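Visitor: just coords:
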Ligand SMILES: Cc1ncc(COP(=O)(O)O)c(C=O)c1O
């Protein structure tokens, strides 16, 4: 194993492995000597040899001074951050850490209603008080949009007192982007820091065919799920800090709380390699963007299918989209996205990233450049199999974004720590919720902790269930509410 071509952390691991130390230290598989033989031969020796820990020369994630620091500095230089932190517990860890580091109990946070549950969980940890930005959808396309600047202004004016942090999403799971730069500027003009959840946008740095990356739009904290779009291992993510990203010491303290003290060096090194690969493959990402646009054109020639492109710019709050996120609407075939995805899986061995009532979502990357024709053939076969079933008309489905934002009775933290009881979800109207209920996809919360459960929310869950939708916890048939509420 020659380490020269590898970036700093990966090279450090290789250099260590080449010493062939007789290691009497964790992990228990002893660099493969103690691994279950069938497992070792399945995964290969290198996996065990490089699954190392805080050994001489390998630095320490909790106080990086050596190869981890070098690797993080290389990432910061590439992405344009003042400082980059490696995360081994997903983008989730970065979101939790920023909320913990910046907010104290009772501080006000503005956040879009279509945020990931990690943001709500960060509110529980920090004790901050949410003010949600409404997000509107396009029922024709069956897609949630993005928070609009006018709503940011209106909600800001409506909350009294200081806002500690604005959280924005960029892009959404569907690859949609809004007026990020304007919204960051709005918050900065009022002296407020901005966290951007760019979990799905680490590749935006590769070129102008993608929406502008959050750091370039001025964000102070940015999380990127490097495992979602780049080549890093699952759970590996980046947190970047710049500008007003405040007290770095506090952020490091928060990261020590939400991250393990035994980080996987395979995950850490995969971040180092993913950054290098992303840099090297910028031209291939440009080809991927072009492929995404060509696929849209070709899919739009298949009767019954719609791969929206310009139409996306008509979705509320949307000003740009990721060409490498391919949305295929099957509404006119008279089937759901769930059914279409299942057909592709069974008949064509094609797996989608996600399906919802009307759409399937495909994530494209440089590795998919040779697969375009297979994907197109699968989609053409799908359309042929269901031709005539839907008479070209889309049905309408329940839309969580159509709900009014409920009254916040307690903070999410107060609700979480209150005595709770579980009640049937359809009997929860008027009670104060103690958990998130977010039908998935698209994962937009219908109920958040501390909110009064409204009849509209319960009616939506009933419609959702009837239409075949799910949400985590539905199988229990219960939701947690604050006792006595
Ligand atoms: C928008 C968004 N933010 C944050 C997360 C959390 O990322 P991770 O799973 O890496 O913790 C996800 C996960 O799906 C997500 O979709």
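Guide: In hand now; what should we look at? Just so you know, these numbers come straight off a predicted model, no measurement behind them.
Visitor: Buried residues, stretch 311-329. List them.
Guide: Buried residues in stretch 311-329, defined by neighbour count with 16 or more other C-beta atoms under 10 Å: 311-312, 315-329. C-beta coordinates here come from the backbone N, C-alpha and C atoms, glycine included.
Visitor: what about that stretch, how long is it end to end?
Guide: 12 Å (C-alpha to C-alpha, to the nearest Å).
Visitor: from the buried residues of stretch 311-329, which ones fall inside strands?
Guide: Among the buried residues of stretch 311-329, the ones falling in strands (DSSP state E) are 320-321, 325-329.
Visitor: Residue 98 against residue 254, yeah?
Guide: Yes - Residue 98 lies in contact with residue 254 (C-beta atoms under 8 Å); the separation is 7.4 Å.
Visitor: Please identify which of those two sits among more neighbours.
Guide: Comparing residue 98 with residue 254 by other C-beta atoms under 10 Å, the one with more neighbours is residue 98, at 31 against 23.
Visitor: Look up how far residue 77 lies from the more buried one.
Guide: Applying C-beta to C-beta, to the nearest Å, the value for residue 98 to residue 77 is 21 Å.
Visitor: Check the gap between the residue lying closest to residue 378 once chain neighbours are set aside and the ligand for me.
Guide: Sequence neighbours aside, residue 348 is the residue nearest to residue 378 in space, at 3.9 Å (criterion: C-beta to C-beta, 6 or more residues apart in numbering). Going from residue 348 to the ligand by C-beta to the nearest ligand atom, to the nearest Å gives 25 Å.
Visitor: Please report the distance of residue 348 from residue 384.
Guide: Taken as C-beta to C-beta, the span from residue 348 to residue 384 is 12 Å.
Visitor: Centre of the chain to the one helix or strand residue 78 maps to, how far?
Guide: Using DSSP states H and E, residue 78 maps to helix 67-79. Its chain's average C-alpha position is 22 Å from that of helix 67-79, according to C-alpha atoms, centre = their mean, to the nearest Å.
Visitor: buried ones in it?
Guide: By neighbour count on 16+ other C-beta under 10 Å, the buried set for helix 67-79 is 67-72, 74-76, 79.
Visitor: With stretch 186-206 instead?
Guide: Buried-residue list, stretch 186-206, by 16+ other C-beta under 10 Å: 186-188, 192-206.
Visitor: just to revisit the earlier point, packing partners for whichever helix or strand comes after the helix holding residue 78?
Guide: Next helix or strand after helix 67-79 toward the C-terminus (DSSP H and E): strand 83-87. Where contact means 3 or more C-beta pairs under 8 Å, 6 or more residues apart in numbering; DSSP states H and E, strand 83-87 is packed against helix 67-79, helix 90-102, strand 237-241, helix 248-258.
Visitor: do you know which of the ones you listed lies nearest residue 279?
Guide: helix 67-79 (5.8 Å; C-beta to C-beta).
Visitor: Check what contacts that closest one and list those residues.
Guide: Under the contact criterion C-beta atoms under 8 Å, 6 or more residues apart in numbering, helix 67-79 has outside partners 7-9, 11-12, 57-61, 64, 81-86, 205, 213, 215, 222, 224, 238, 240, 268-269, 271-272, 275-276, 278-279.
Visitor: for stretch 275-284, same thing?
Guide: 6-7, 71, 74-75, 78-79, 202-203, 205-207, 226, 230-231, 285, 366, 369.
Visitor: Using JSON lines, lay out the ones in strands among the buried residues of stretch 311-329 together with distance to the ligand and pLDDT.
Guide: Below are those laid out as JSON lines (distance: C-beta to the nearest ligand atom, whole Å; pLDDT from 0 to 100):
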{"residue": "320", "distance to the ligand": "16", "pLDDT": "98"}
{"residue": "321", "distance to the ligand": "15", "pLDDT": "98"}
{"residue": "325", "distance to the ligand": "12", "pLDDT": "98"}
{"residue": "326", "distance to the ligand": "17", "pLDDT": "98"}
{"residue": "327", "distance to the ligand": "15", "pLDDT": "98"}
{"residue": "328", "distance to the ligand": "19", "pLDDT": "98"}
{"residue": "329", "distance to the ligand": "20", "pLDDT": "97"}
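Visitor: Next, the contact list for whichever residue of the stretch 51-200 of the chain sits closest to the ligand, please.
Guide: Residue nearest to the ligand within the stretch 51-200 of the chain: residue 90 (2.3 Å; C-beta to the nearest ligand atom). When the contact criterion is C-beta under 8 Å, 6+ apart, the partners of residue 90 are 118, 225, 227, 235, 237.
Visitor: what's the pLDDT at it?
Guide: As summarised for this prediction, residue 90 has a pLDDT of 97.
Visitor: and whichever strand or helix holds residue 109, what's its mean pLDDT?
Guide: Secondary structure assignment for residue 109, by DSSP H and E: strand 108-112. Averaged across strand 108-112, pLDDT comes to 97.
Visitor: from the chain's centre, how far out does that strand sit?
Guide: On C-alpha atoms, centre = their mean, the centre of strand 108-112 falls 17 Å from that of its chain.
Visitor: how about low-confidence regions in this protein?
Guide: The model of the chain has pLDDT under 70 over residues 1-4, 245, 391-395, 441-443.
Visitor: Quick one: name the residues of it near the ligand.
Guide: 90-92, 116, 118, 169, 173, 197, 199-200, 225, 237 (C-beta under 6 Å from any ligand atom).
Visitor: list the buried ones in the lengthiest helix in the chain?
Guide: Longest helix of the chain, by residue count under DSSP state H: helix 282-299. For helix 282-299, a neighbour-count test (16+ other C-beta under 10 Å) marks 285-286, 288-289, 291-292, 295-296, 298-299 as buried.
Visitor: Equivalent analysis for stretch 223-240, please.
Guide: Neighbour-count burial for stretch 223-240 [16+ other C-beta under 10 Å]: 223-233, 235-240.
Visitor: Just the terminal-to-terminal distance for that stretch.
Guide: 6 Å.
Visitor: what's whichever strand or helix holds residue 416 packed up against?
Guide: In the assignment (DSSP H and E), residue 416 maps to helix 412-417. Using 3+ C-beta pairs under 8 Å, 6+ apart, the elements in contact with helix 412-417 are helix 117-126.
Visitor: Point out the other helices and strands that the helix it packs on packs with.
Guide: helix 90-102, strand 129-133, helix 412-417.
Visitor: The same query, at a cut-off of 6 Å, please.
Guide: The contact analysis (3 or more C-beta pairs under 6 Å, 6 or more residues apart in numbering; DSSP states H and E) places helix 117-126 against helix 90-102, helix 412-417.
Visitor: By proximity to the ligand, which residue of the stretch 201-350 of the chain wins?
Guide: Taking C-beta to the nearest ligand atom, the stretch 201-350 of the chain has residue 225 as its residue nearest the ligand, at 4.0 Å.
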